[in-house]
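S.K.: Provided below for reference: sequence and predicted model.
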Amino acid sequence: MTPGPRNLITDVAGLLVGNAQDARLKSGTTVLLSDDGPMTTSYAVMGGAPGTRDTDLLEPDKTVPGVDAIVLSGGSAFGLAAAQGVMEALAERGRGFQVHAARVPIVPAAIIFDLLNNGQKDWAENPYPALGRQALGNATRDFTIGTAGAGTGATDARHKGGLGSASLILPDGSTIAALVVVNALGSAATPSGKHFWAAPFEIGDEFGGLGPDPAVGIQPLPPSRKAAAMAQHGNTTIGIVATDATLDKAACKRLAIAAHDGFARALVPSHTPYDGDLIFASSTARRAPPSEEVMPLLGHYASVCMARAIARAIWEATPSDDDALPTFRQEHGAKPFEGL
């Protein structure tokens, strides 16, 4: 198996991603949507401190069949307002769930806590509705990862975090991919700081080709730079996995649950009481249901994409003025990703 042509979630045909960020704020918003219309979507939360909007609608027993967009945002609870800007902009486009004469865009959202990252948070008016609207307007198939969108002000325990993405073409020709904002309590780097936990799943040199850490056995975790620099409670990794294979809401729910294995493979520790770890799972239904060969492994493939996307988020982060933590590449002398 190989990545799709972009190695991004937009390798799933029909998907678009838009980023908007504010350098002064050190925060931003990322929006995913399908140009085909609503996506069948569910979700799974495995962290102890989630911040969400409209996720109850995504349970398999709930009425709404699909969503118009998904929002990942910085800003903690303030950032949930980004979904309002997206919702209003989609309504202007005539999109939404039809209820007699009314049409209501369905825009679930999840947020990270990035309020203590040295950005200027002294706003007089919540900036996130405007960032959501801007991100939707920027939606395209080619988008920047690393320090962009909702990953602009993210951090993990050791390094600057960011926005990551990765994809796989599966044996039956379908595509599965992940999009993630890494703002974890845990670390994507092993205790040495020179390798990624996700190294066994790397394809080519998509996050540096550094290989697995040669240290064996359980290594003690180093002190968290993040806890020292800001707060033990300012965390959360949020993401989306998507496929063009046809899945119902129950299958999307199972896919979201399985994709959390990617968090555990790439971030140590993960799913803590102080992380709001959440994954949305969506199907664009452009292809038939997964083949008998692929269906039992679909969650595994999703988790592999998620682990790779997490490492790419850290690898592609770029430095900014007054950052709370260094980027991985600042410590290891590699050149940053320049975008597509």
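M.R.: The structure has been received and is ready for your questions.
S.K.: isn't Thr147 right up against His159?
M.R.: No. The pair Thr147 / His159 is not scored as a contact, 11.6 Å apart, by C-beta atoms under 8 Å. Just so you know, the C-beta spots here come from the backbone N, C-alpha and C atoms, and that holds for glycine as well.
S.K.: find residues that contact each of those two.
M.R.: Common contact partners of Thr147 and His159 (C-beta atoms under 8 Å, 6 or more residues apart in numbering): Ala317.
S.K.: sec struct for Arg286, please.
M.R.: strand (DSSP: H, G, I helix; E, B strand; the rest coil).
S.K.: ok, and the closest non-adjacent residue to it?
M.R.: Asp244 (4.3 Å; C-beta to C-beta, 6 or more residues apart in numbering).
S.K.: now do the phi/psi pair for the one you found.
M.R.: phi -90, psi -10 (degrees, to the nearest 10).
S.K.: can you give me the neighbour number for it?
M.R.: By the criterion of other C-beta atoms under 10 Å, Asp244 has 24 neighbours.
S.K.: got a list of contacts for stretch 292-305?
M.R.: 1, 166-168, 170-172, 174, 176-178, 201, 241, 243, 245, 254-255, 257-262, 265, 281, 289-290.
S.K.: coming back round to it: residue contacts, the residue nearest to Arg286?
M.R.: Asp244 neighbours (C-beta under 8 Å, 6+ apart): 12-14, 174-175, 283-287.
S.K.: same thing with Asp36?
M.R.: For Asp36, the contact set (C-beta under 8 Å, 6+ apart) comprises 14, 284, 286.
S.K.: these two touch, right, the last one and Asp11?
M.R.: No. Counting by C-beta under 8 Å, no contact exists between Arg286 and Asp11, whose distance comes to 12.0 Å.
S.K.: these two: which is more packed in?
M.R.: Comparing Arg286 with Asp11 by other C-beta under 10 Å, the one with more neighbours is Asp11, at 22 against 17.
S.K.: now do the same for Leu33: helix, strand or coil?
M.R.: strand.
S.K.: and the nearest residue to it once chain neighbours are set aside, how far is that from Asp321?
M.R.: Leaving out its chain neighbours, the residue that sits closest to Leu33 by C-beta to C-beta, 6+ apart is Ala69, at 4.0 Å. Look at Ala69 and Asp321: by C-beta to C-beta, to the nearest Å, they are 31 Å apart.
S.K.: over to Ser224?
M.R.: 23 Å.
S.K.: which one's more surrounded, those two?
M.R.: Ser224 (17 against 8).
S.K.: tell me who's in contact with that one.
M.R.: Ser224 neighbours (C-beta under 8 Å, 6+ apart): 157-158, 185, 187, 232.
S.K.: also Leu25?
M.R.: 119-121, 123, 127, 152-153.
S.K.: are any of these buried, and which?
M.R.: 119, 121, 127, 152-153 (16 or more other C-beta atoms under 10 Å).
S.K.: could you dump the residues you listed to JSON lines with pLDDT?
M.R.: Formatted as JSON lines, the buried ones among the contacts of Leu25 follow (pLDDT from 0 to 100):
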{"residue": "Gly119", "pLDDT": "93"}
{"residue": "Lys121", "pLDDT": "93"}
{"residue": "Pro127", "pLDDT": "98"}
{"residue": "Thr152", "pLDDT": "98"}
{"residue": "Gly153", "pLDDT": "96"}
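S.K.: all strands of the chain, in order?
M.R.: With strands called from DSSP state E, the chain shows them at 15-22, 27-34, 40-45, 52-53, 70-73, 97-99, 102-104, 109-111, 162-169, 175-182, 238-245, 278-287.
S.K.: between those, which gets nearest to Pro220?
M.R.: Nearest to Pro220 among the strands of the chain is strand 175-182; the distance by C-beta to C-beta comes to 22.4 Å.
S.K.: what's the angle from the closest one to strand 15-22?
M.R.: 10 degrees (axes from the mean of the first three to the mean of the last three C-alpha atoms, to 10 degrees).
S.K.: related to what we said a few turns ago, just the contacts of Leu25 now: which is nearest Glu316?
M.R.: Minimum distance to Glu316 across these is 12.4 Å, recorded for Thr152 (C-beta to C-beta).
S.K.: for the closest one, what are phi and psi?
M.R.: According to degrees, to the nearest 10, Thr152 has phi -60, psi -40.
S.K.: could I get the contacting residues of it?
M.R.: 21-23, 25-28, 74, 114, 162-163.
S.K.: do Tyr128 as well
M.R.: 29, 73, 75, 78-82, 85.
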